[in-house]
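Student: return atomic coordinates for the entry below.
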Amino acid sequence: MANRSGQYGRSKGSSFLKGCLATVGCLGVVVAALVALVVWMALDHQKQASELETANALYANNKRDEAVAKYKSAYTAAPDQALILKRIIEHELSNGRTQEAERWMNTAFERGARLSLDGADANARYKKIVADGENRRAEAARQQAAAKSQQSVGQLKSKAIVTSQDYVKKFLRYPLDAQFPWGGESANGYAVEKGENQGMIVYNVSGNVKAKNALGASLTVPWKTTLNYRNERWELVLCMIEDQCAYMDPDLFAALTKVAESLEGNEPATPQANEPDAAAQKREGEAAKRKEAEAKKAAMQAEVERRKASAEKNRPVIAANYLKIAKSFQEKGDNESYKSWLRKIVKQYPETDAASEARSLLGE
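Tutor: Numbers count the residues shown, from 1 in each chain. Reported below is the predicted structural model:
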């Protein structure tokens, strides 16, 4: 047994040593490759510098064709790249090779060289290429910003759905059995609308959830939430489940549902005799818009009143849901938020059983 143990120990030690040697060997290969790359880059730069020196000598001796050919492969090694690019471009233009000259003008722009060429025509061509290049960059930046903004909007809408699901689940009788359809906006019945109202960034979210009722039967019921998004945080304003108010923040809801009196507008002007057709059409269009705005305002006010009535009727349910939220903060160890929600229950729903429990939990 001792012999076997010794063999096992030597075998284990041997494997460990082999592993270390293999690791060192791999690192050695990587280091050797890096050193080879650095040496190659140094030699290539040295070669370009030599080519550049030869090209300068040829250019000084008026052997422009040979000089420019070498400049094209060695210009990146020049301390003053703008000067070399200028020589290439002017040489191509002088030989009537306009397309090749413009290709090198683009190279100059991309490398940030600002040239002053000989001749008005040459400078005009270069200025146009610079302007076109700057426009391309601006458009690319605009498209990138738009794509980023669109992605951000999509991410916020997805987050609004998930946040709404979390709140709806809290207000169900059997939250652990709740099943939400998978998918984002416009998928499986979800709808998300973003808007601004009274300086608030608001998301109205709607969807369905399969949940058990009081009798234990699984039913698919609709829900709607209104969320306020500010300082990268989500605040629940309103939650309706099966057209019954399950939650309402009175202060946020009041701020959100203020309807601007300016919607009413002014009284339409009295028609004048022999009024031109264009003026009459304009007046009729304004009257139609005013009527549409008043109808929208009336619908908004009716919806607000309906939701207020539902919230008033369901005060005990809403208070109980407040208590669920408070206890969820306690479970997370956030005692400050826990006590804040308990105080909110006592203040806003003092007559409810949830308020009595909240006072007890606060030690009042």
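
Student: what are the contacting residues of stretch 354-364?
Tutor: 316, 319, 320, 322, 323, 326, 339, 342, 343, 345, 346, 349 (Cβ atoms under 8 Å, 6 or more residues apart in numbering). Heads up, the C-betas are built off the backbone N, CA and C, glycines and all.

Student: redo that, cut-off 6 Å
Tutor: 319, 320, 323, 342, 345, 346, 349 (Cβ atoms under 6 Å, 6 or more residues apart in numbering).

Student: hmm, residue 157 is touching residue 192, no?
Tutor: Yes. Taking contacts as Cβ atoms under 6 Å, residue 157 lies within contact range of residue 192: 4.5 Å.

Student: for residue 101, give me its contacts.
Tutor: Residue 101 makes contacts with 89, 92, 93, as judged by Cβ under 6 Å, 6+ apart.

Student: again but with residue 113, I slipped
Tutor: Applying Cβ under 6 Å, 6+ apart, the residues near residue 113 are 81, 82, 85.

Student: where in the stretch 51-200 of the chain is pLDDT low?
Tutor: 149-151, 183-189, 197-199 (pLDDT under 70).

Student: what about the helices in the stretch 51-200 of the chain?
Tutor: Assigned by DSSP state H, counting those that start in this stretch, the stretch 51-200 of the chain shows helices spanning 64-74, 81-94, 98-110, 120-170.

Student: point out the most buried one among those helices.
Tutor: helix 81-94 (a mean of 19; mean count of other Cβ atoms under 10 Å).

Student: and that one, what does it pack against?
Tutor: helix 64-74, helix 98-110 (3 or more Cβ pairs under 6 Å, 6 or more residues apart in numbering; DSSP states H and E).

Student: now it against helix 120-170, angle please.
Tutor: Here helix 81-94 points in a direction 120 degrees away from that of helix 120-170 (axes from the mean of the first three to the mean of the last three Cα atoms, to 10 degrees).

Student: tell me how far helix 81-94 is from the chain's mean position?
Tutor: 45 Å (Cα atoms, centre = their mean, to the nearest Å).

Student: equivalent analysis for stretch 76-93, please.
Tutor: Taking the mean of its C-alpha atoms, stretch 76-93 sits 43 Å from the chain's own mean (Cα atoms, centre = their mean).

Student: and what of stretch 131-142?
Tutor: On Cα atoms, centre = their mean, the centre of stretch 131-142 falls 22 Å from the chain's centre.

Student: which residue packs closest to residue 221, ignoring adjacent ones?
Tutor: residue 242 (4.4 Å; Cβ to Cβ, 6 or more residues apart in numbering).

Student: dihedrals phi and psi, that neighbour?
Tutor: phi 50, psi 40 (degrees, to the nearest 10).

Student: my read is that it contacts residue 220, right?
Tutor: No. The pair residue 242 and residue 220 does not pass the contact test of Cβ under 6 Å, sitting 10.1 Å apart.

Student: for the stretch 151-300 of the chain, what spans make up the strands?
Tutor: 191-197, 200-212, 218-230, 233-241, 244-248 (DSSP state E, counting those that start in this stretch).

Student: so which of those strands is the most surrounded?
Tutor: Note that of these, strand 244-248 is the most buried (mean count of other Cβ under 10 Å), with a mean of 22.

Student: show me what it is packed up against.
Tutor: Using 3+ Cβ pairs under 6 Å, 6+ apart, strand 244-248 sits against strand 233-241, helix 277-313, helix 315-331.

Student: tell me how far it lies from the chain's centre.
Tutor: Centre-to-centre, strand 244-248 and its host chain are 30 Å apart (Cα atoms, centre = their mean).

Student: same deal with stretch 110-124?
Tutor: Here the centre of stretch 110-124 is set off from its chain's centre by 40 Å, with Cα atoms, centre = their mean.

Student: CA-only coordinates of it in CSV, if you can.
Tutor: Only the C-alpha atoms of stretch 110-124 are listed here, as CSV (Å, rounded to 0.1, in the frame of the first residue of the first chain):
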residue,chain,number,x,y,z
GLU,A,110,-8.4,60.5,-43.9
ARG,A,111,-5.0,61.0,-42.4
GLY,A,112,-5.9,64.4,-41.2
ALA,A,113,-3.5,66.3,-43.6
ARG,A,114,-4.6,69.8,-44.5
LEU,A,115,-3.1,70.7,-47.9
SER,A,116,-2.6,73.9,-49.8
LEU,A,117,-2.1,72.8,-53.4
ASP,A,118,-0.7,74.8,-56.3
GLY,A,119,-3.5,76.1,-58.6
ALA,A,120,-7.1,77.2,-58.0
ASP,A,121,-8.5,74.1,-59.7
ALA,A,122,-6.5,71.7,-57.5
ASN,A,123,-7.5,73.5,-54.3
ALA,A,124,-11.1,73.5,-55.4
